[in-house]
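how would this look folded up:
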Amino acid sequence: MIPPLPPRKNGFLVFLRGINMVRLVILNLVFFTVLFFVTVLIVGGMTGTRVGTVQNDSVLVIRPQGQLVEQYSIDPLQRAVDGLSGNEPKQVQLRDLVAAIDAAAKDQAITRILLLPDELQSGGFAALREVGAALDRFRAAGKPVIVWAANLDQGQYYLAAHADRVLLDPQGGVIITGLANYRLFYKDLLDKLGVDVHLFRVGQFKSAAEPYILEHASTEAKQADSYWMGGLWDEYLAEVATLRKLDPATLRTDIDNLPANIASTQGDLAQLALNQHLVDGLATRADLITMLRKEGVPAGDKGHSFRQVNLTRYVANLPGNGSAFTPGVAVLVVEGEIAGGEKSAGSVGGESTAALIRAAREDSKTKALVLRVNSPGGEVYAAEQIRREVQLTREAGIPVVVSMGDVAASGGYWISMNADRIFAEPNTITGSIGIFGLYYTIPNTLAKFGVQSDGVGTGPMAGAFDITRPLDPNVAVVIQAIINKGYHDFVGNVAKARGKNYAAVDAIAQGRVWTGQQALDRGLVDQLGSLRDAVSDAAGLAKLGKDYPVRYQEVPLGGFERFLIGLNQSASVHAMQSWGIRLPNWFAQLSALAPELQLLRNARAGVPNVYADCLCSPR
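Numbers count the residues shown, from 1 in each chain. Predicted coordinates for the structure are as follows:
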């Protein structure tokens, strides 16, 4: 017979059973809540019910959050999670933004645009110029564009300057500082670690790898950077001054003398912006709503705010990606670092991008191809794989036109040079025709830990590429010969493609970076213009007339990916979010950050890493 438990132990077991019961109740509540949430999402996604039509007298509210990109690099699952959390995805696709503005210009239900650019991030001015041109077309249709912001940096202001009215919060400010290109230099760190970095290059201005071999920027790099950044800044000042009806020289002086000017307003940046005519008025959010209501915009839901539709919902109702059956123009986005193999959107794979060009060429509906290039370059062989497919497409009788985005330099120019025509914006960053190789050895690193490398080989080159040994002079000769040939091929191919002699191209190559305007002056591009201009030109070369479809050549989304994207566009999801039902914000922040050092990300040990790359994005 088992003796009964003492009263204390018996009470303790009752307490534990109670805790377990509470745990089960909580788990069941969480489970059924999630089940309900997922069921509603699935039903909404399967029914395909989209957000309803836009009400008359609505304001299109454009509040771009995150980076302005040519093509999403965030996968559909992450975008769905962002949306279900009530957050805008941290990327804005340029084509969606431009398409929405152009559609709104013709949409009788949209009376004006309210642009809130505070949270927009952009890597360059060329993409912003495309958006600005769309805003100009909207205004030309007789509809106003209003900007309201708490704070504006120079990229955001470059876009805001296209508005009819720029309003700033009284506690905000406009900070325009000019362009800079400061980098971190790692030589001392690498020396401390015992890592020996060996640079092989052709081109006195090819400075992309200098941070690994120098303690500071070279004189040649500073000279070249000052020239192209100066051109870029002159273009910025001229365009902003024209849009805001200011004198460019006065604008430049006001920017350079910020420390002295701020004293005149006792540190009030908003008042300073108003005094300098950078903005048209100071207004709180409440003032903005009152203003819109007085101008005839109806009240929003339940009589609050004003009648509006946001960018995401408006884009969801726009027509899809061209016609699946009608011959037309295919547009292929080439954005990001160029590397070998298969890469997902947001980076450029030699194999995957070449396959997309090949697929477009073999599609009977493709009558012209436009490459939208936004890339600083990368691995030479991967760039060459893409260039060959461009050449084969032209040989197949399909015109190829390149539209350069923010950056199309070095390897980005390599893949562009064989097009029938090259378009660039005046503030595109291009050129950088040069090549370099990096090779790493670590015998000193090993020595710091008491490890030595020793042995024998069957010949003088056996084991010569072993990174645990000091750089063999024979290896240096081999790598430099490879780099010399690569540069000769690069310059020679540019000369052939652009109808110039080798010496003429060599004089403007040497790794030197140019703005789009400077490149046009030197014959490296054919015309200044936007993606819209490039598509029109390609259609003209293909004799497609005035009415033709434009489709984007991309890896097609799978059924599950389309379903995920559809969730954010379903009416049931928006209804749930209006009731306050959404995923927690932290859930959208689980994706890993991309590595910072792009050159090292795809570097391979024991072989020469040969690049046509350009670290030329000013801040």
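
Next up, phi/psi of the residue lying closest to residue 334 once chain neighbours are set aside, please.
Using C-beta to C-beta, 6 or more residues apart in numbering and skipping the chain neighbours, the partner closest in space to residue 334 is residue 373 (4.9 Å). From N, CA and C alone the C-beta is placed, and that goes for glycine too. Residue 373 has phi and psi values of phi -100, psi 120 when expressed as degrees, to the nearest 10.

Residue 373: neighbour count?
Neighbour count for residue 373, taken as other C-beta atoms under 10 Å: 30.

which residues does it bridge with?
residue 334, residue 404 (DSSP bridges).

And it, how far from residue 298?
For residue 373, the distance to residue 298 equals 44 Å [C-beta to C-beta, to the nearest Å].

Now do the strands in the stretch 51-200 of the chain.
For the stretch 51-200 of the chain, applying DSSP state E, counting those that start in this stretch gives strands covering 58-62, 66-69, 91-93, 110-115, 120-121, 145-152, 165-174, 196-202.

how close does residue 451 sit to residue 135?
As for residue 451, its distance to residue 135 is 61 Å (criterion: C-beta to C-beta).

ok, which stretches of the stretch 1-150 of the chain are helices?
Secondary structure of the stretch 1-150 of the chain by DSSP state H, counting those that start in this stretch: the helices cover 7-47, 76-84, 94-106, 125-140.

count of neighbours near the spatially closest residue to residue 527 that is not a sequence neighbour?
Distances taken as C-beta to C-beta, 6+ apart place residue 423 nearest to residue 527, at 5.4 Å, with adjacent residues excluded. Residue 423: 29 surrounding residues under other C-beta under 10 Å.

what does residue 409 give?
34.

and it, backbone torsions?
phi -120, psi 160.

which residue sits closest to the spatially most central residue of the chain in space, ignoring its chain neighbours?
In the chain, the centroid-proximal residue (C-alpha atoms, centre = their mean) is residue 69; its distance is 3.4 Å. The shortest distance from residue 69 to any non-neighbouring residue, by C-beta to C-beta, 6+ apart, is to residue 91 (5.1 Å).

What separation is there between that neighbour and residue 524?
Taking C-beta to C-beta, one finds residue 91 at 30 Å from residue 524.

In space, what's closest to residue 292 - neighbours in sequence excluded?
In space, residue 292 is closest to residue 306, 4.8 Å off (C-beta to C-beta, 6+ apart).

In contact with the one you found: list those residues for me.
Contacts here follow C-beta atoms under 8 Å, 6 or more residues apart in numbering; on that basis residue 306 touches 59, 289, 292, 293, 297, 298, 299, 300.

how about a cut-off of 7 Å?
By C-beta atoms under 7 Å, 6 or more residues apart in numbering, the contact set of residue 306 is 59, 289, 292, 293, 297, 299, 300.

Equivalent analysis for residue 331, please.
370, 372, 535, 550, 552, 553.

And for residue 246?
Shown in contact with residue 246 (C-beta under 7 Å, 6+ apart): residue 277.

what about this structure, any weak spots by pLDDT?
Counting by pLDDT under 70, the chain contains low-confidence residues at 1-52, 75-89, 123, 320-325, 556-619.

still on that earlier bit, select only the buried ones of the contacts of residue 331 in PyMOL?
Here is the PyMOL command that selects the buried residues among those (16 or more other C-beta atoms under 10 Å):
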select buried, resi 370+372+535+550+553
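
now for the contacts of residue 331, which pair is the farthest apart?
535 and 553 (12.8 Å; C-beta to C-beta).

so residue 220 touches residue 204, yeah?
Yes: with contacts counted by C-beta atoms under 7 Å, residue 220 reaches residue 204, the gap being 5.1 Å.

mind listing what the closest residue to residue 528 other than its chain neighbours touches?
Setting aside the residues directly before and after it, residue 528 is nearest to residue 426 in space (C-beta to C-beta, 6+ apart), at 5.5 Å. The contact partners of residue 426, taken as C-beta under 7 Å, 6+ apart, are 235, 515, 516, 517, 528.

Redo those residues as a markdown table? Include distance to residue 104, neighbour count and secondary structure.
What follows is the contacts of residue 426, written out as a markdown table (distance: C-beta to C-beta, whole Å; neighbours: other C-beta atoms under 10 Å; DSSP: H, G, I helix; E, B strand; the rest coil):
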| residue | distance to residue 104 | neighbour count | secondary structure |
| --- | --- | --- | --- |
| 235 | 28 | 18 | helix |
| 515 | 31 | 27 | strand |
| 516 | 28 | 30 | helix |
| 517 | 31 | 19 | helix |
| 528 | 26 | 16 | strand |
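
In three-state terms, label the residue nearest to residue 292 for me.
With DSSP: H, G, I helix; E, B strand; the rest coil as the basis, residue 306 sits in coil.

ok, back up a step: more neighbours: which of residue 91 and residue 524?
Set residue 91 next to residue 524 and count neighbours by other C-beta under 10 Å: residue 524 wins out with 24 against 20.

isn't that one right next to residue 432, touching?
No: with contact defined as C-beta under 7 Å, residue 524 does not count as touching residue 432 (10.5 Å).

and stretch 303-322, which residues are buried?
Residues of stretch 303-322 classed as buried: 305-309, 311-317, 322 (neighbour count, 16+ other C-beta under 10 Å).

Pick out whichever of those sits closest to residue 248.
For the buried residues of stretch 303-322, the nearest to residue 248 is residue 311 (32.1 Å; C-beta to C-beta).

Apart from its neighbours in sequence, what residue is nearest the closest one?
residue 62 (5.0 Å).

rewinding a little: isn't there a strand covering the residue nearest to residue 527?
Yes: checked against three-state DSSP, residue 423 lies within a strand.

Report the beta-bridge partner residues of it.
Assigned bridge partners for residue 423, using DSSP bridges, are residue 403, residue 527.

which residues touch it?
Residue 423 makes contact with 401, 402, 403, 404, 525, 526, 527, 529, 533, 534, according to C-beta under 7 Å, 6+ apart.
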